[in-house]
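Student: What would the 3D arrangement of this be:
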Amino acid sequence: MPVPIPAGRRVIFAFGGSQGARTINRALVDALAYLLPRRNDIFVIHGVGLMKTPEYHAWEDTSQRLQREYNEEEREHINSFYYAQDYFHNIGDIYAVSDLIVCRGGAGSLNEISAMGKSALIIPKANLPGNHQVMNARAMKRSGGAEVIFEDTVEDGGILLEEVVGQKLAMKILSLLDAKQRLEEMGKCSRAFMNHYAAERIAAEIHGSPLPNSSLTDISAKDLDPLLSDNELLVQLRSAWQEDQKQYEPRKVIVDADDLEYYRHRAASLLTSPSWPDRNLGVKLIGLLKHEEKLSSLLHLLADRTPVSRLQKFFGGDYRQVGFIRRNALISLQILNTWGPEVEARVFEALEDGYYEVRAQAASTMGHFAEKLLQKQAVTEKLLLLIKDRSFEVVREVVLALGAVGGNREVAKGLLGLKEHHYWQVREAALRAVAMLVERRIVTDRDWLLNETSRFILTTTDFRSYSDIKETYRKLHALCKGDEEED
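Tutor: Have a look, this model is predicted:
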């Protein structure tokens, strides 16, 4: 061994292959702060890797991070339970003394770990061809031989980086080490994970004979359901959401908790893509996957006013986060169903967005969260001003939002003033909104309402056997007259 390990210590071996893995290296250095109180119980061996590129020098980056994150006294304590080396030629010896191995999800590493019967905490690298590391990690966890932590994707100084939070890694390591029986069982499952009877299997396949050991039931990536592409995932989740928005839960679609976590991290990685269609897809998935941890990212995209180039403006662009992204961020906020001062402020600002679909969706979002609004009067006044918006799609959503938000007779007057609006869709929405005010007991003068709504133009510009506006008008009058009879 390159360093003596004090007796009685539980050993963690963390490495990212021969070249190293930035995610594992940085997460492990950050995790040391949370492992420090257990320095007399554990020992960490760190294979930093040989990578030396202009973008990342494994040894220098790790050393500098240790110097930056910890003072001299802390580093002295860390040295009592932490040993780092760029590469281990005798890796079999390191495996042999380890109780838990933190590693990537490459087939080579997992095959070695399985052969040694060691428990693993896998941090697979995502977005590789065929998602093979993720598939390997899923398979080994399914067999009982491993636990999995997925990378998150963050933007650091304009550079896209994968990240695992150090505290999360430390807590996972300690929880496994503290569950001695669980760790031993993982080791047994790990040993059974890979095909340890390759020659027998080949011979049986050639001769068409049964396996000499019929108890062999290896679990491999091929036995798992394939991961969905981002677009396939979107279709399935959106279909479930549209079918039952009130009871919608992504867990009913993605049953496996690990797969759901992976999809959430994969969706988050799309938010920092240089391609706006990818960011737009990520925004949709963040909502449908109910990835609440990315609420702040949605708000950032909604409020981002980074201008585009002159060429992009020539083709109709306005900001880096195009109108579709801003609109879909609002839809995702509704699906997440989380409200607070910052959310309300961002949605309020979106009521003045230059893109009409964003203004319309912002009004719809205000209506959705009507009971949670913190500045209801200010929102109501803003919506009343937007009744004169140049886009009838915006006016329609504003009117419906006023039905949910409005709290006085003045709102009803504003809605009744739309009785001759050019677009029947706006008139129909106004009647619906008035009905909402009646149901909410905001307006109680039914005679006045019956008289005023009788002046609405109920014609439509399209020919159909069923008229939405006439049916809404009929229901409103029945509601008012029904209330009279009850009184």
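
Student: hey, let's count contacts and neighbours off CA atoms from now on
Tutor: Will do.

Student: and Q375, how many neighbours does it have?
Tutor: Applying other CA atoms under 10 Å, we find 12 residues neighbouring Q375.

Student: Provide the backbone phi and psi angles at it.
Tutor: phi -120, psi 60 (degrees, to the nearest 10).

Student: please renumber so the chain begins at 718
Tutor: Got it, first residue is 718 now, which makes that one Q1092.

Student: If I look at it, what pLDDT would I see?
Tutor: Note on Q1092: pLDDT of 96.

Student: Have a look at the chain and report its longest helix.
Tutor: Looking across the chain with DSSP state H, the single longest helix is helix 1185-1203.

Student: Quick check: closest non-adjacent residue to I741.
Tutor: G733 (6.6 Å; CA to CA, 6 or more residues apart in numbering).

Student: wait, what's in contact with that neighbour?
Tutor: Residues in contact with G733 (CA atoms under 8 Å, 6 or more residues apart in numbering) are I741, N742, G764, V765, G766, C820, R821.

Student: neighbours of the closest residue to T1178 other than its chain neighbours, just the number please.
Tutor: Nearest non-adjacent residue to T1178, counting by CA to CA, 6+ apart: W1141, 7.5 Å away. Counted with other CA under 10 Å, residues neighbouring W1141 total 23.

Student: rewinding a little: could you say what helices and strands the longest helix of the chain packs with?
Tutor: helix 1141-1156, helix 1163-1170 (3 or more CA pairs under 8 Å, 6 or more residues apart in numbering; DSSP states H and E).

Student: Among the contacts of G733, which lie within strands?
Tutor: Of those, the ones assigned to strands by DSSP state E are G764, C820.

Student: Next, format the contacts of G733 as JSON lines and append pLDDT, neighbour count and distance to I971.
Tutor: What follows is these, written out as JSON lines (pLDDT from 0 to 100; neighbours: other CA atoms under 10 Å; distance: CA to CA, whole Å):
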{"residue": "I741", "pLDDT": "96", "neighbour count": "29", "distance to I971": "27"}
{"residue": "N742", "pLDDT": "97", "neighbour count": "25", "distance to I971": "31"}
{"residue": "G764", "pLDDT": "97", "neighbour count": "27", "distance to I971": "35"}
{"residue": "V765", "pLDDT": "97", "neighbour count": "30", "distance to I971": "35"}
{"residue": "G766", "pLDDT": "96", "neighbour count": "23", "distance to I971": "36"}
{"residue": "C820", "pLDDT": "97", "neighbour count": "24", "distance to I971": "26"}
{"residue": "R821", "pLDDT": "96", "neighbour count": "28", "distance to I971": "24"}
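
Student: which one among the contacts of G733 gets closest to G1040?
Tutor: G1040 lies nearest to I741 out of these, by CA to CA, at 37.0 Å.

Student: hmm, back to that, is it possible to get JSON lines of the helices and strands packed on helix 1185-1203 that adds mean pLDDT and distance to I759?
Tutor: Listed next are the helices and strands packed on helix 1185-1203 as JSON lines, based on pLDDT from 0 to 100; distance: least, CA to CA, whole Å:
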{"stretch": "helix 1141-1156", "mean pLDDT": "96", "distance to I759": "64"}
{"stretch": "helix 1163-1170", "mean pLDDT": "93", "distance to I759": "76"}
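
Student: Go through those helices and pick out the most buried.
Tutor: For the helices and strands packed on helix 1185-1203, the largest average neighbour count (mean count of other CA atoms under 10 Å) is found in helix 1141-1156, namely a mean of 24.

Student: same for that helix, what does it pack against?
Tutor: Using 3+ CA pairs under 8 Å, 6+ apart: helix 1141-1156 touches helix 1109-1122, helix 1126-1133, helix 1185-1203.

Student: Let me see the mean pLDDT of the second one.
Tutor: Which is helix 1126-1133. 95.

Student: How about the contacts made by L1050?
Tutor: Per CA under 8 Å, 6+ apart, neighbours of L1050: G1004, L1012, L1015, T1082.

Student: Taking these together, which two end up most distant?
Tutor: L1012 and T1082 (14.9 Å).

Student: Looking at those two now, which is surrounded by more residues?
Tutor: Neighbours per residue (other CA under 10 Å) separate L1012 from T1082, with T1082 holding more: 23 against 18.

Student: backbone phi and psi for D1070, please?
Tutor: phi -60, psi 150.

Student: Same question for Y1036.
Tutor: phi -130, psi 170.

Student: Chain neighbours aside, what residue packs nearest to it?
Tutor: Nearest to Y1036 is P1024, by CA to CA, 6+ apart, at 4.5 Å.

Student: Looks like the one you found contacts R1037 (just checking).
Tutor: Yes - with contact defined as CA atoms under 8 Å, P1024 reaches R1037; the gap is 5.9 Å.

Student: any chance of the helices and strands packed on helix 1141-1156 in TSV, plus distance to A909 and mean neighbour count?
Tutor: Shown next, in TSV, are the helices and strands packed on helix 1141-1156 (distance: least, CA to CA, whole Å; neighbours: other CA atoms under 10 Å):
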stretch	distance to A909	mean neighbour count
helix 1109-1122	59	26
helix 1126-1133	70	18
helix 1185-1203	65	15
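
Student: any weak-confidence spans in the chain?
Tutor: The chain contains residues with pLDDT under 70 at 872-877, 912-941, 1030-1033, 1180-1183, 1200-1204.

Student: what secondary structure does E1069 sit in?
Tutor: coil (DSSP: H, G, I helix; E, B strand; the rest coil).

Student: count of residues packed around the residue nearest to Y1036?
Tutor: 14.

Student: give the contact list for it.
Tutor: P1024 touches D1035, Y1036, R1037, counting by CA under 8 Å, 6+ apart.

Student: again with W1141
Tutor: W1141 neighbours (CA under 8 Å, 6+ apart): L1175, T1176, T1177, T1178, I1186.

Student: Quick check: the third one is in a helix.
Tutor: The reference is to T1177. No - going by three-state DSSP, the assignment for T1177 is coil, not a helix.

Student: Go ahead and confirm L977 touches R968.
Tutor: Yes - assessed by CA under 8 Å, L977 is found in contact with R968 at 7.3 Å.

Student: okay, these two: which has more neighbours?
Tutor: Counting neighbours by other CA under 10 Å for L977 and for R968 shows that L977 has the greater number, 17 against 14.

Student: dump the residue contacts of E864.
Tutor: A837, L838, I839, K858.

Student: and it, what are its bridge partners?
Tutor: Beta bridges link E864 to L838, judged by DSSP bridges.

Student: How is this structure divided into domains?
Tutor: 727-917, 947-1203 (automatic domain parsing).

Student: would TSV of those domains with distance to M718 be doable?
Tutor: Output for the domains of the chain, formatted as TSV (distance: least, CA to CA, whole Å):
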stretch	distance to M718
domain 727-917	7
domain 947-1203	36
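
Student: do you know which of those lies nearest P719?
Tutor: domain 727-917 (8.8 Å).
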